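**Q** here is the input, now give the coordinates:
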Amino acid sequence: MELSSKLEKRTAVCSVIGLGYVGLPLAVEFAKAGLQTIGIDISEEKVDRVNSGESYIGDVDSKELGEAVEKGFLKATCDFDVLKDVDTINICVPTPLRKTRDPDISYIVAAVGEIKKTLHKGQLIVLESTTYPGTTDEVIMPILEETGLKVGSDFFLAFSPERVDPGNEVYTTKNIPKVVGGVTAACTELATALYRAAHMNPVPVNSSRVAETVKLLENTFRSVNIGLVNEIALMCNKMGINVWEVIDAAATKPFGFMPFYPGPGLGGHCIPIDPFYLSWKAKMSGFEARFIELAGMINGDMPMYVVNRISEVLNERRKCINGSSFLIMGVSYKEGIDDTRESPAYDIIRLLQQRGAEVRYYDPYVGDLEEMAGVGSCEYRADEIGKLDCAIIVTGHKGIDYQLLVDNCSLVFDTRNVLKGVQGDNIVRL
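**A** Coordinates of the predicted model:
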């Protein structure tokens, strides 16, 4: 195949639609491998920053981005018309849930609509956005075949799930194996060649549906196990048992156990959303995914549990949430990053505000939340912290002096076991 030869010689022109947490790191890896790469995004701000070599994604180093741009291997644009001149297209657009928990693949459909306008023979399209099994061959393929071109012979179509873990310094876009499943064997072969040319580690599977389900299994596994350990945490609280000590002791078993940890709720672009793509598709097939739904219910109720626990503790101290001042410590969904997507901090803030609380936040990684969540930041000083009625550690970040918090705040509710080993009458643990 002509494209296979181009990829082997690295003369193929690649493109990535969507320059977010998935697309930008992927585009940079393609460029670093010597593949001419064009990034496409509807955001002019993102395009301008990429072209100036300025990274807005924590996992992408501005120096590496700048070098790729300077050497001419990477450029960005808002113009989808460039697709007529590319050999490969990777779709990395958002796939949120609707309020009804139904999949919203409108961004995928919009991207495919743009691809359709300039689709030509020999082109390879790879979807990386998480979605339900069947999207690639049931939704994307029919749209593209409306051009008269046939998949597997005229153009090639595959799915390869993104496996981005923001803030992970060990496993990155480059060294995380890439599961690849094509609509046909020829599609799988070409998509595998693309990732091999980018020095990634492709793992081919028999179909796009298998590849789509792989991603959903990975995150459903995490969601269900987090739901289990959250329920254990609620149970241990009722029985007066330290759940963190239980987990640490169980983790000493060298087989048959993997530690998961409770928390104030799920966050991020995957775990709170992806399992419902699978359960929705299962319902369409007449199957009820009970574990997924139950885990989602437990995990979704954790912010309310946190607020109710705080209410109980304040009541014991002859205080109530209404009129009390709170500090939310950490609003990103995990430590060491600025990503606040689906963060449980938003739910906790909203629930506290609904009960009449005055809420502020501190997070060294996250900027202004005034417009998004209606909360202002707090200076992390003893005199400021001493004015607060309660601080809630929603996300822990390394490098923060938590002793300052414990020494000066009248009540500290630790939802992440950040204060492990620290003792104090003012500390309440999840």
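**Q** helix, strand or coil for residue 271?
**A** Here residue 271 is coil, with the state taken from DSSP: H, G, I helix; E, B strand; the rest coil.
**Q** measure it to residue 296 for me?
**A** 10 Å (Cβ to Cβ, to the nearest Å). The C-beta positions use only the backbone N, C-alpha and C, and glycine is treated the same way.
**Q** name the helix or strand for residue 196, please.
**A** Using DSSP states H and E, residue 196 sits within helix 185-197.
**Q** show me what that helix is packed up against.
**A** If you count contacts as 3 or more Cβ pairs under 8 Å, 6 or more residues apart in numbering; DSSP states H and E, helix 185-197 packs onto helix 2-9, strand 124-127, strand 156-159, strand 178-182, strand 202-204.
**Q** quick one on the thing from earlier: mutual contacts of residue 271 and residue 296, please.
**A** residue 223 (Cβ atoms under 8 Å, 6 or more residues apart in numbering).
**Q** CA-only coordinates of stretch 106-126, as CSV, when you get a sec.
**A** This file holds the C-alpha atoms of stretch 106-126, laid out as CSV (Å, rounded to 0.1, in the frame of the first residue of the first chain):
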residue,chain,number,x,y,z
SER,A,106,-21.9,15.2,18.5
TYR,A,107,-18.2,16.4,18.4
ILE,A,108,-17.2,13.1,16.7
VAL,A,109,-20.0,13.5,14.1
ALA,A,110,-19.0,17.1,13.5
ALA,A,111,-15.4,16.1,12.9
VAL,A,112,-16.4,13.3,10.6
GLY,A,113,-18.6,15.7,8.7
GLU,A,114,-15.5,17.9,8.0
ILE,A,115,-13.4,14.9,7.0
LYS,A,116,-16.1,13.7,4.6
LYS,A,117,-15.8,17.0,2.6
THR,A,118,-12.3,16.2,1.5
LEU,A,119,-12.0,12.4,2.0
HIS,A,120,-9.8,10.9,-0.7
LYS,A,121,-8.5,7.5,-1.6
GLY,A,122,-5.7,6.0,0.6
GLN,A,123,-6.6,8.1,3.6
LEU,A,124,-6.5,6.6,7.1
ILE,A,125,-8.9,7.9,9.8
VAL,A,126,-8.4,6.8,13.4
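**Q** same question for that stretch, mean pLDDT?
**A** Computed over stretch 106-126, the mean pLDDT rounds to 97.
**Q** in that stretch, what's buried?
**A** By neighbour count on 16 or more other Cβ atoms under 10 Å, the buried set for stretch 106-126 is 107-108, 111-112, 114-116, 118-119, 122-126.
**Q** show me which helix runs longest in the chain.
**A** In the chain, assigned by DSSP state H, the helix with the most residues is helix 208-239.
**Q** please point out which parts of that one sit buried.
**A** 208-209, 211-216, 218-220, 222-224, 226-234, 236-237.
**Q** for the helix holding residue 196, C-alpha coordinates in CSV please.
**A** The C-alpha coordinates for helix 185-197 follow below in CSV (Å, rounded to 0.1, in the frame of the first residue of the first chain):
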residue,chain,number,x,y,z
ALA,A,185,-7.9,-6.3,8.6
ALA,A,186,-6.3,-3.8,6.2
CYS,A,187,-7.5,-0.9,8.4
THR,A,188,-5.9,-2.5,11.4
GLU,A,189,-2.6,-3.0,9.5
LEU,A,190,-2.4,0.6,8.4
ALA,A,191,-3.3,2.1,11.8
THR,A,192,-0.7,-0.2,13.4
ALA,A,193,1.8,1.1,11.0
LEU,A,194,1.0,4.7,11.9
TYR,A,195,1.7,4.2,15.6
ARG,A,196,4.8,2.1,14.9
ALA,A,197,6.1,5.0,12.7
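**Q** name the helices or strands packed onto the lowest-mean-pLDDT helix or strand in the chain?
**A** The weakest-scoring helix or strand in the chain, judged by mean pLDDT, DSSP states H and E, is helix 370-373 (a mean of 72). Helices and strands touching helix 370-373, by 3+ Cβ pairs under 8 Å, 6+ apart, are helix 344-354.
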